[in-house]
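> Everything below, folded, please.
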Amino acid sequence: MRALITGVTGQDGSYMAEILLAKGYDVHGLARRVSTENRFRIAHLLGKIRLHYGDLQDGNSIERIVKEVRPDEIYNFAAMSQVRISYDMPAYTGDVTGVGFARILETVRNLDPSIKIYQASSSEMFGKVQEVPQTETTPFYPRSPYGCAKAFSFYLGRAFREGYGLKVYNGILFNHESPRRGECFLSQKVVRAAVRIHAGQQDKLKLGNLEARRDWGYAREYCEWIWRIMQYPEPTDFLIATGENHTVEEFVAETFACLGMGWREHVTQDPDLMRPAEVDELLGDASKARRLLGFEPQVRFKELVRLMVDCELETFAHPRGFPTDADRVDCGLAVSVG
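This is a model prediction of the structure:
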């Protein structure tokens, strides 16, 4: 089997590459050519996977790469995925995260409709939630350019599946974290700041809304289930979530507690970090995945926070005397879903 992964240098893309290699796949990755090196998450895989330079904003490069690779499966993780920043770059977010997937679909439709496609959808599509918990049939009400772009991609994938018979699988994954998360994401921002504060290298942590509730899972584990989704015989939509949620404040408190510290004297709220329109409560009901795939989350909230903190502490003990993103690649649990 041959797979093409877009966004291969990111958290999910790097885990997916590892998982597919372990299953005997010939793995190819689409990566943007950038002036600043950003391949640290896959540095240990170079020589095992083949990289192709392209961009979801460039349909010609997508067509060229698909023609060259001839994949059996495409996993689309590429996106402008920072929700807060998407408000500042709505057109770019829409082009990459939304229209970029349209370019993939058109390429597959014209070249080889037998290729299976995974689209990384997001719980941010639910936005101003219409019901709690959310399922695959809960109406979307996105409240950010990122959420809108993801909703566009979701519906477009479904339209091409029903209209052209393409094998499109939408995976609605709720928040999933790991030591490979970038610091621009809340979970990693909190963990790294807490460890720096603990080490006396930082005084304060500035955050936005502390009351927002999220359903947090473990990224490596969720990527295993993405592969399971793609093996389901009938292309469809699946939601993956733990079924429990916690506030941002609870995440912060648990992180500092792992370090034996209180958090209130170290954390301040910054109005500039608030979203223009907040998503108040995300809570997923993965009953469909549980029934059809056998899904059952293994890593729960406290264990997730602990493994992220432990990894950050481990990198601080690195012989160089300071942690780098590359040091965080091998941290975390190796979860098997059977």
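
> Counting neighbours, what do you get for the nearest residue to Arg109 once chain neighbours are set aside?
Distance criterion Cβ to Cβ, 6 or more residues apart in numbering; nearest residue to Arg109, sequence neighbours excluded, is Tyr164 at 5.4 Å. Glycine gets a C-beta too; all of them are placed from N, C-alpha and C. Counted with other Cβ atoms under 10 Å, the neighbours of Tyr164 add up to 13.

> Please apply the same query to Gly294.
By other Cβ under 10 Å, 11 other residues sit near Gly294.

> Likewise for the one 5 residues further on?
Counted with other Cβ under 10 Å, the neighbours of Val299 add up to 23.

> now do Ser123
Neighbour tally, Ser123, other Cβ under 10 Å: 24.

> cool, and the one 4 residues further on?
When neighbours are counted by other Cβ under 10 Å, Gly127 registers 20.

> Relative to Ala212, how far out is the residue nearest to it when sequence neighbours are not counted?
Excluding its sequence neighbours, the residue lying closest to Gly127 (Cβ to Cβ, 6+ apart) is Arg143, at 3.8 Å. According to Cβ to Cβ, to the nearest Å, Arg143 stands 11 Å off from Ala212.

> In this model Gly7 seems to touch Asp55, though I could be wrong.
No - Asp55 lies out of contact with Gly7 (Cβ atoms under 8 Å); the separation is 11.4 Å.

> From the neighbour counts alone, determine which of the two ranks first.
Using other Cβ under 10 Å as the criterion, Asp55 and Gly7 rank with Gly7 on top: 22 against 18.

> who's in contact with that one?
Each residue near Gly7 by Cβ atoms under 8 Å, 6 or more residues apart in numbering is listed here: 13, 30, 76-79, 120.

> shared neighbours, Arg143 and Ala212?
Common contacts of Arg143 and Ala212 (Cβ under 8 Å, 6+ apart): 278-279.

> Stretch 136-152: end-to-end distance?
End-to-end distance for stretch 136-152, by Cα to Cα, to the nearest Å: 15 Å.

> Pull the residues that contact it.
Stretch 136-152 has contacts (Cβ under 8 Å, 6+ apart) with 79-84, 86-87, 89-90, 93-94, 96-98, 121-122, 124-131, 154, 172, 237-239, 275, 277-279, 288.

> Buried subset of these as a ChimeraX selection?
Filtering the contacts of stretch 136-152 down to the buried ones (16 or more other Cβ atoms under 10 Å) takes a single ChimeraX command:
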select :79,80,81,82,83,84,86,93,94,96,97,98,121,122,124,125,126,127,129,154,172,237,238,239,279,288
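
> In strands, which of the contacts of stretch 136-152 appear?
Of these, the ones assigned to strands by DSSP state E are 121-122, 172, 237-239.

> So which of those residues is the closest to Val69?
Ser121 (23.3 Å; Cβ to Cβ).

> ok, now which ones touch that closest one?
Contacts of Ser121 (Cβ under 8 Å, 6+ apart): 150, 153-154, 170-173, 237.

> now swap in Thr236 and tell me
Contacts of Thr236 (Cβ under 8 Å, 6+ apart): 169-170.

> just to revisit the earlier point, of the contacts of Gly7, which is the most crowded?
Neighbour counts for those (other Cβ under 10 Å) peak at Leu30, which has 28 neighbours.

> and that residue, that's in a strand?
Yes - counting by DSSP: H, G, I helix; E, B strand; the rest coil, Leu30 is found in a strand.

> Surely His28 and His52 touch.
Yes - using Cβ under 8 Å, His28 is in contact with His52, at 6.2 Å.

> neighbour count winner among those two?
Neighbours per residue, other Cβ under 10 Å: of His28 and His52, the larger number sits with His28, 23 against 18.

> still on that earlier bit, looking at the contacts of Ser121, spot the one nearest Arg64.
Arg64 lies nearest to Ser153 out of the contacts of Ser121, by Cβ to Cβ, at 21.6 Å.

> what's near enough to touch the closest one?
Neighbours of Ser153 in contact, by Cβ under 8 Å, 6+ apart: 97-98, 101-102, 119, 121.

> and the nearest residue to Pro71 once chain neighbours are set aside, how far is that from Leu239?
The shortest distance from Pro71 to any non-neighbouring residue, by Cβ to Cβ, 6+ apart, is to Leu4 (4.1 Å). As for Leu4, its distance to Leu239 is 24 Å (criterion: Cβ to Cβ).

> Equivalent analysis for Arg196, please.
Distance, Arg196 to Leu239, using Cβ to Cβ: 35 Å.

> How about Arg161?
Taking Cβ to Cβ, one finds Arg161 at 17 Å from Leu239.

> What is the longest helix of the protein by residue count?
Secondary structure of the chain per DSSP state H: the longest helix is helix 145-164.

> Would you mind measuring the gap between the ends of stretch 205-217?
Its first and final residues considered, stretch 205-217 spans 23 Å by Cα to Cα.

> thinking again about what came up before, which pair in the contacts of Ser153 has the greatest spatial separation?
Most distant of the contacts of Ser153, by Cβ to Cβ, are Ala102 and Ser121, 14.5 Å apart.

> would Ala43 count as being in a strand?
No - read with three-state DSSP, Ala43 is helix and lies in no strand.
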